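Chemist: can't give you the sequence, but here's the structure:
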């Protein structure tokens, strides 16, 4: 590309991020500070994320519900520890219907308390368990340093809330969500190789007894928490008097979990796969998998491109025909790169005369000989399907390579801090501990999660031979 | 059914409605007055509505976006006429992030103003038109007399906002949404025979130059406005300075439309098809189309029922296996009737011994000989598919018959008021006029829409020989 469209990542990563968000037309700032307007292309990406996550949530047996936006202020005082984490972030409605309210209502920062209240009512006996609920909703947490997709005053998310008869059931379900819903989606669809593990007591969600997390490495060496799944023990059940009659006729407190992912994942997607030309979307997620681009204003080209687009759509691909020939081809190609469309089929008169089209893969670098190939017009469906499949594999492999290279095994806190300047540091949890966490925190570094040596999730922070994954984080 | 589960409709229709909402576990009141908690079954119905409407919106070329929940108070003063309609209903956030805000923010009662602001920015030249946007969101209008699904302080809806180069384009698009999105969905999927027409100036949306509507007749003889599509002329474009450079290089004001349907449709569905045993869902909408019910605790029955459920699911049906044999069959059958599951396959030992199962259709009355049929186990897929298809046709036919019967052709305002006690009255619009509308209003009756004699939508209220459809309404 001749002209410089984006700030290069190496020059100023946050600026590059803002440039991509703006120029790929993903989102922009809303009129109230900290809010965002998600534009059609950004929303199409979020919609695809929603669909994929929702399918997995349903496969895990949870049902969707909708709880109200407004929560009475008094609800938030029931679970003291929980509220303490949120109160400085709350937005409060004091006036409505033309007058001052008797009791102010809070705009939900999460629906945890109201789920608790109603689930307690719906659960009577052991046959009502497990109760597996989920909600797709907007939530509000007033942000002082907002950043589009990553930290906004209002964001879109799903929050799952479940109740179980035993600790073991709740534990197994929290793990199931972590692995079968979140990790599976992030790795298989987003192509982002997340590290899964257990949060330390310091980093745990307020009120949880165990927080499980998916952590990804961004292009600038900082970690992003992509999703969390919490075991809440009986803390919430106690606060909301969520009891059930067991098979022996005894009242028992339920065991609960909660878990969520949000529009923050869009930010993670940008910072994981993006390059200096813009976004790069994994085909399984991409709203448009193949752009069929008419190179120039030529009736034959337009007609053939249209037929090809129809053929590719019939082959099951998500296709967009770009026949806006009043705009220069270069500008449209740049735009397609910016938006990270995985595969571009360029239909030009010279190629057509030879019975071929040019297929360009967005995942490969400008110097990669495999980036542009010519494909016979008769083989276009096969060629596009192959390119799409290859692009999915390659983007994930690139992210895996980058993430692996960004994990440094170290043997001291000082070395961990140094390594965290550019990625994850991995060291024995025994070398860190609570005190070590304080020292890391002073350097702006946190323990992202604890893992076993083989990368699996430990049952407790006290297991021997655990490693801590530490990093700077968003 | 032996026990009386619901208040009969004839005894107390509003009470029947509340009973159905509660006992079919659709929704309940939220903790803040006027809000609702949509339970899994109710939400599954809404999700199916969303999916069907969304598919049609996308087919009409509109793209989804997400605008923020919060709108600066100052935005709402730009379009004076618009605001006047909303101000007594607004919820206002005055405190956030632990302090009082410099400028209060309003919780969106609609996103019209913020769409206007951003669309004006995004539209530069004629090539940017039409700009076709839609949003699925929650909105808040403080309600003094809330009623679940029908009128709630917070509700879920979609709001479409589009901008066009010409009045003709805007007009055609508002009609396309009315017919191809709303009416098609309501008639073909919901099986509700809506009347489409044009609102009178009195009933028009504030700021619109033309409001088109879909009106349905409920089981109690009252009308429900199920969805509206508005032409806003250049009113909004003027308020938000939404201009484009035309092909001749001249600045022109755009022409806009807006349109929406909401969770209110769930209320319309209940009141359209429901009977004294509960909900009746049209199969194309139903989250569960066929319930395969094990009659009693018998290993053979359970195994065969499971196999049948799998077979029906493989045939493309949405199936639920009910093997909760610890609960009495009668109670489970009642529950299935309450929830309006279109087709029930009862698998019992006596039937199985004869190689058959009993297929029960929810759409047919208790005395209808076609309601319960026995089907050979080997023909169950064919039998269930046929029953599902027949139930869709029959529910729609019943609603059409009821609606037609509820339209009385009358020749005076007095007769119109009398007829509106139990349905729609149809009379010459020339007999009504502005003054007639006042007189009707005094009796609690409104003109729901104007139509041509053939039931089509007039181009203006001044067309000769129009009829007014009048009714009491929700």
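Modeler: Everything's here; your move. On a predicted model such as this, the values are computed, not experimentally measured, just so you know. Numbers count the residues shown, from 1 in each chain, chains lettered A, B, ... in the order given.
Chemist: so what's the residue of the stretch 101-250 of chain A found nearest chain B closest to, chain neighbours aside?
Modeler: Across the stretch 101-250 of chain A, the shortest distance to chain B (CB to the nearest CB) belongs to residue A:142, at 3.6 Å. For every residue, glycine as well, the C-beta is placed using N, CA and C. Closest residue to residue A:142 in three dimensions, ignoring its sequence neighbours and counting by CB to CB, 6 or more residues apart in numbering or on different chains: residue B:97, at 3.6 Å.
Chemist: next, the residue most central in space within chain A: phi, psi?
Modeler: The centroid of chain A falls nearest to residue A:265 when counting by CA atoms, centre = their mean (2.2 Å). Dihedral angles phi and psi of residue A:265 (degrees, to the nearest 10) take the values phi -60, psi -30.
Chemist: about what we covered before: distance of the residue nearest to residue A:142 relative to residue A:145?
Modeler: From residue B:97 over to residue A:145 the distance is 12 Å, taken as CB to CB, to the nearest Å.
Chemist: who has more neighbours out of these two?
Modeler: Using other CB atoms under 10 Å in any protein chain shown, the more surrounded residue of residue B:97 and residue A:145 is residue B:97, with 18 against 7.
Chemist: per-residue pLDDT, residue A:78?
Modeler: According to the per-residue confidence, residue A:78 scores 66 in pLDDT.
Chemist: right, I mislabeled it, should have said residue A:144
Modeler: On pLDDT, residue A:144 comes in at 87.
Chemist: ranges for the helices of the stretch 201-350 of chain A?
Modeler: Shown for the stretch 201-350 of chain A, the helices assigned by DSSP state H, counting those that start in this stretch span residues A:235-239, A:264-273, A:299-314, A:329-338, A:349-353.
Chemist: ranking those by burial, who's on top?
Modeler: Here the criterion is mean neighbour count by mean count of other CB atoms under 10 Å in any protein chain shown, and of these the winner is helix A:264-273, at a mean of 25.
Chemist: do it and chain B meet?
Modeler: No: using CB under 8 Å from any CB of the partner chain, helix A:264-273 stays clear of chain B, coming no nearer than 11.1 Å.
Chemist: same question, stretch A:152-171
Modeler: Yes: contact between stretch A:152-171 and chain B is present through A:153, A:154, A:156 (criterion: CB under 8 Å from any CB).
Chemist: quick one: buried residues of that stretch?
Modeler: Within stretch A:152-171, the residues that qualify as buried by neighbour count (16 or more other CB atoms under 10 Å in any protein chain shown) are A:152-165, A:169-171.
Chemist: ok, now stretch A:429-436?
Modeler: Taking 16+ other CB under 10 Å as the basis for neighbour counts, the residues of stretch A:429-436 that come out buried are A:429, A:432, A:436.
Chemist: isn't residue A:400 right next to residue A:194, touching?
Modeler: No: with contact defined as CB atoms under 8 Å, residue A:400 and residue A:194 do not form a contacting pair (10.7 Å).
Chemist: show me where the stretch 1-150 of chain A has helices.
Modeler: Under DSSP H, counting those that start in this stretch, the stretch 1-150 of chain A gives helices at A:13-23, A:40-59, A:80-86, A:112-122.
Chemist: quick check: which of those is nearest to residue B:208?
Modeler: helix A:40-59 (24.6 Å; CB to CB).
Chemist: which helices and strands sit right next to the closest one?
Modeler: Counting by 3 or more CB pairs under 8 Å, 6 or more residues apart in numbering or on different chains; DSSP states H and E, the packing neighbours recorded for helix A:40-59 are strand A:63-64, strand A:131-140, strand A:154-164, helix A:264-273, strand B:63-64.
Chemist: out of the residues of stretch A:152-171 next to chain B, who's nearest residue B:103?
Modeler: Each of the residues of stretch A:152-171 next to chain B was scored against residue B:103 by CB to CB, and residue A:153 proved nearest at 14.3 Å.
Chemist: for the closest one, phi and psi?
Modeler: Torsion angles, degrees, to the nearest 10, at residue A:153: phi -60, psi -40.
Chemist: distance of it relative to residue B:285?
Modeler: In this structure, residue A:153 and residue B:285 are 36 Å apart, going by CB to CB.
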